[in-house]
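1. for reference, the sequence and a predicted model appear below.
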Amino acid sequence: MADGHIITVIGAKGGVGKSQVAANLAFALTTESRGKVLLLDFDQKASGDQNFITGIKVKKTLKDLVDFSGNIDAKSIMTFANPHPSNVHYIGLPSDPTVTDSLNAEVMGKHLIALKKLYPIIVIDAGSDMGALASKALEHATLIMTIVTPDLLALNQTKRLSSDLTSMMFPKEMIHFVLNQNQRGLPISADVVSKTLGKNVLGVINKDEQSCAMALNQKKPAVLVLKNSAFSKGIVELARKLIQRGVLSQLGKIKSQGSVVRKDKLTVKEENVWKALKQRVHTGLLDKLNLKDEKNDKDDPNLKVIRREKTKKVIVEILNNEDTKGVLNSQDDRTRIVKEILDEALGLGPLEDLLADASVSEIMVVGPEKIYFEKSGKIKKSEITFSDNYRVLQVIERIVSKVGRRIDEKTPYVDARLEDGSRVHAIIPPSAIDGCCITIRKFPEERLTYKDLVKFGSINQNMADFLKIAVEGHRNIIVSGGTGSGKTTLINILGGFIQSNERIITCEDSAELNFPQDHIVRLETKPPSLEGEGEVDIRCLVKQCLRMRPDRIVVGECRGGETLDMLQAMGTGHDGSLTTVHSNNPKECIGRIETLVQYAGAGLTAKAIREMIASAVHLIIQQSRLDDGSRKVTHITEVGGMQGDVVTLQNIFTFEQKEIDINGKIVGDFLASGFIPKFIETLERKGWNIPRGIFRNDTPTRKAPPSGAPPRPGSRPQGNKPPGNRPPSGRPSNRPPSKGVPTKKPVKK
């Protein structure tokens with residue numbers, strides 16, 4: 001059985017007689033269609049009116065139907081439908097307004113889908129207030145019947161309602177007008193209404209107050225008790241036109257097409273036609289609106305909403321004047337193309353949906369045709385595209401202008417950020433050969449904590465406890481890692497360990513750090529002006545923050561001469577500072593820092609630089625992105641000092657990969673080396689109580705080491721030595737390894 005049709009009866013204002021029309025139309029349709037008709041009362045402002053108009057005794061209401069959790073079928077619906085001998089079934093609203101307002105519209109929308117399979121025609125009295133229930137009735141409607149009366153106020157408000165419905169992406173073919181309470185001799189006739197609303201009226205019902213009042217007094221529909229009245233004749237004629245002229249059948253085809261969602265991936269021909277239509281609408285939009293005149297939109301959210309709605313209406317008007325046959329075959333197509341044009345005109349175009357997806361961590365645009373995104377650690381290609389390269393450039397300019405930066409042929413690249421803090425890098429032709437390129441590094445909406453890293457498997461609890469101790473103990477820490485390994489995320493979490501009574505100053509190229517403390521000063525670099533003057537680089541910011549009485553200095557990334565200034569700050573009273581460096585492991589990190597210091601041009605010898613590193617840096621945390629896309633802390637390493645010309649390193653925690661499971665995920669363990677960092681005893685002498693258990697691997701049983709082998713680090717000492725993890729006097733476990741070997745490896749079983 002084909003789905004039935006829903007006629008949603010609405011009015012732009014109260015008093016136009018929509019409830020009378022809806023009820024009597026339902027009874028007239030049973031005669032014309034010779035089938036069952038379901039009448040539903042969705043008018044929440046006048047709940048219970050249909051009980052008087054129809055005279056049907058109500059046993060069950062829409063509240064009972066909404067609360068029903070079973071399947072709606074021919075048998076179960078009879079529990080809720082209140083039948084009338086004329087073959088009309090009626091379900092009304094509860095008489096209690098509080099209960100009416102609490103009805104779940106989403107559930108009712110699902111029930112409407114089931115009811116269309118049981119009734120060939122459903123008439124819904126949706127009232128004049130576009131509430132949640134009325135919106136659902138419109139969403140599932142085949143025909144939107146708007147009742148208008150011959151007075152200026154009603155006509156003006158109906159025109160506005162029609163414009164709103166069109167802006168809501170309802171096709172004009174679905175919206176029809178019925179002139180109720182028509183009188184001869186009035187200046188507002190059916191022709192005037194048609195001309196004003198831009199569409200011929202579907203039906204005309206003459207004014208007949210006496211018949212309507214008599215029917216109400218008898219609590220019976222007028223079309224049953226006063227068949228020859230002017231009102232009844234108008235209703236019957238309207239019902240006859242709907243059935244005999246096949247109005248519902250024709251509109252049903254539009255609705256059925258709308259239920260088929262266009263696939264994201266279009267054929268080449270469809271895609272070209274789609275883009276051509278968008279181009280024409282864009283051109284028309286630029287002629288009617290000045291999209292660059294955003295005024296204070298970025299500061300006032302209300303202006304943004306008003307501007308978007310105004311632009312949306314203009315787009316719909318332009319589309320209505322376009323030949324969209326074969327391009328926009330359904331309501332879903334219209335909704336989609338309006339959204340795409342709106343996003344490109346006022347937002348970030350096809351990137352809006354990817355930005356709204358919390359599971360997407362990075363977005364990469366390569367020209368207008370290629371948009372890639374990273375999801376769950378894997379890079380995928382999106383089916384959505386930009387209209388052309390100019391739209392990509394518009395998006396870039398929209399982003400950079402909001403943070404006071406610029407991009408042009410003279411400076412074809414820029415670092416910027418979005419309003420939510422996401423980092424943006426863009427580069428345009430002539431430097432970008434294949435078109436404008438955008439890279440957006442998204443950050444989670446909610447600030448991550450160390451508990452999230454433990455849950456994600458990036459670290460274990462012992463490592464998190466140790467890092468908290470290190471940050472609170474004012475250790476200078478460098479987070480090392482490759483591109484996209486999660487360095488910024490980790491340094492944000494480390495920053496959360498800083499005590500709230502300390503003054504923190506951050507220096508970044510584009511502000512990304514977001515610490516939870518209150519006393520924070522955030523500094524950001526500034527590009528040069530068009531004349532090439534006024535540039536403020538990261539090194540300048542580091543020098544400035546030294547004069548701002550910082551307790552902690554956090555540099556987003558060291559990539560040049562600022563590394564020397566950062567090391568000097570770490571070694572001259574600003575303990576507890578944090579920064580990040582691009583490198584693949586802790587040993588390479590030392591070499592990378594040495595190279596970056598030389599960019600400062602201070603003429604320091606290699607040994608002097610290494611001595612500076614050994615005295616200033618306490619810990620190196622290596623963050624890595626593994627082959628399966630997961631991000632893990634693979635090393636937590638202490639800088640032990642100098643031995644000869646070599647900076648000695650000692651691993652405290654490491655990640656050991658074991659295998660790859662059937663899902664392609666890397667399986668491994670976080671292992672403690674058993675080494676006790678030097679600064680632990682320093683903190684204990686200050687009164688800190690640090691559990692030594694965090695430096696042990698949590699294993700239920702341990703096998704004894706082979707005969708003659710040294711004891712496993714962290715194991716119980718043999719012989720008469722006291723139990724525990726504390727190294728004996730002289731701290732041999734902290735003695736620098738011979739021959740410059742940075743790490744002691746525990747003997748394997």
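-> Thanks, I have the structure now.
2. going by C-alpha atoms from here, please, whenever you check contacts or count neighbours.
-> Fine.
3. can you pull the contacts of residue 656?
-> With contact taken as CA atoms under 8 Å, 6 or more residues apart in numbering, residue 656 is in contact with 634, 668-671.
4. give me phi/psi at it?
-> Reported as degrees, to the nearest 10, the phi and psi values for residue 656 are phi -110, psi 120.
5. okay, it and residue 636: tell me how far apart.
-> Distance, residue 656 to residue 636, by CA to CA, to the nearest Å: 13 Å.
6. now residue 435
-> As it turns out, when the distance is counted by CA to CA, residue 435 lies 41 Å from residue 636.
7. same thing with residue 479?
-> Between residue 479 and residue 636 the distance is 9 Å, computed by CA to CA.
8. between those two, which contacts overlap?
-> Taking CA under 8 Å, 6+ apart as the contact definition, residue 479 and residue 636 share the neighbouring residues 620-622.
9. which of those fall in strands?
-> For the shared contacts of residue 479 and residue 636, membership in strands holds for 620-622, with DSSP state E as the criterion.
10. need these in CSV (columns: pLDDT, neighbour count and distance to residue 100).
-> Putting those into CSV (pLDDT from 0 to 100; neighbours: other CA atoms under 10 Å; distance: CA to CA, whole Å) gives the following:
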residue, pLDDT, neighbour count, distance to residue 100
620, 95, 26, 63
621, 95, 27, 59
622, 95, 27, 59
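11. quick one: the helices in the stretch 201-350 of the chain?
-> Taking DSSP state H, counting those that start in this stretch as the test, the helices found in the stretch 201-350 of the chain are 209-218, 222-225, 230-244, 247-258, 268-288, 301-320, 331-346.
12. so where's the stretch 551-700 of the chain shaky on pLDDT?
-> Scanning the stretch 551-700 of the chain for pLDDT under 70 picks out 698-700.
13. need the helices for it, in chain order.
-> Ranges of helices in the stretch 551-700 of the chain, per DSSP H, counting those that start in this stretch, are 562-570, 586-598, 606-616, 678-685.
14. quick one on the thing from earlier: how about the helices of the stretch 201-350 of the chain, which one is nearest residue 77?
-> Taking CA to CA as the measure, the helices of the stretch 201-350 of the chain were each checked against residue 77, and helix 247-258 came out nearest at 23.6 Å.
15. which SS class is residue 517?
-> Of the three states, residue 517 takes coil according to DSSP: H, G, I helix; E, B strand; the rest coil.
16. what does whichever strand or helix holds residue 463 rub up against?
-> Element membership for residue 463, per DSSP states H and E: helix 461-472. Taking contacts as CA under 8 Å, 6+ apart, the residues outside helix 461-472 that touch it are 450, 454, 494-495, 497-499, 576, 653, 694-695.
17. ditto for stretch 565-577
-> Outside stretch 565-577, the residues within contact range by CA under 8 Å, 6+ apart are 471-477, 539, 542-543, 546, 550-555, 612-613, 615-617.
18. follow-up on the earlier one: PyMOL command for the buried members of the contacts of helix 461-472?
-> Selection of the buried residues among those in PyMOL, burial being defined by 16 or more other CA atoms under 10 Å:
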select buried, resi 450+454+494+495+497+498+576+653+694+695
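19. tally of neighbours for the residue nearest to residue 436 when sequence neighbours are not counted?
-> The shortest distance from residue 436 to any non-neighbouring residue, by CA to CA, 6 or more residues apart in numbering, is to residue 428 (4.4 Å). Applying the criterion other CA atoms under 10 Å, we find 24 residues in the vicinity of residue 428.
20. then residue 630?
-> A total of 18 residues lie near residue 630 under the criterion other CA under 10 Å.
21. contact partners for it?
-> Under the criterion of CA under 8 Å, 6+ apart, the contact partners of residue 630 comprise 376-377, 458.
22. and residue 244, how far from residue 33?
-> 9 Å.
23. looking at the two, which one has more neighbours?
-> More neighbours surround residue 33 than the other of residue 244 and residue 33, with 16 against 12 (other CA under 10 Å).
24. quick check: the more buried one touching residue 241?
-> No. Counting by CA atoms under 8 Å, no contact exists between residue 33 and residue 241, whose distance comes to 11.1 Å.
25. rewinding a little: return the subset of the contacts of residue 656 lying in strands.
-> Using DSSP E, the members of the contacts of residue 656 that fall within strands are 634, 668-671.
26. neighbour count added to these, as JSON lines?
-> As requested, the ones in strands among the contacts of residue 656 are arranged in JSON lines below (neighbours: other CA atoms under 10 Å):
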{"residue": "634", "neighbour count": "25"}
{"residue": "668", "neighbour count": "12"}
{"residue": "669", "neighbour count": "15"}
{"residue": "670", "neighbour count": "22"}
{"residue": "671", "neighbour count": "20"}
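27. stretch 274-293 - what's its average pLDDT?
-> The predicted model assigns stretch 274-293 a mean pLDDT of 72.
28. gap between that stretch and the chain center?
-> For stretch 274-293, the separation from the chain centroid amounts to 26 Å (computed by CA atoms, centre = their mean, to the nearest Å).
29. likewise for stretch 552-566?
-> On the basis of CA atoms, centre = their mean, stretch 552-566 sits 33 Å off its chain's mean C-alpha point.
30. end to end, how far does it reach?
-> Using CA to CA, the gap from the first to the last residue of stretch 552-566 comes to 11 Å.
31. model confidence over stretch 82-98, on average?
-> Across stretch 82-98, the average pLDDT comes to 88.
32. residue 499 in helix, strand or coil?
-> Using three-state DSSP, the three-state assignment for residue 499 comes out as coil.
33. excluding chain neighbours, what is closest to it?
-> Sequence neighbours aside, residue 472 is the residue nearest to residue 499 in space, at 6.9 Å (criterion: CA to CA, 6+ apart).
34. same check on residue 482?
-> The shortest distance from residue 482 to any residue other than its chain neighbours is 5.4 Å, reached at residue 582 (CA to CA, 6+ apart).
35. how about that neighbour, what does it touch?
-> Neighbouring residues of residue 582 by CA under 8 Å, 6+ apart: 480-483, 559, 589, 592.
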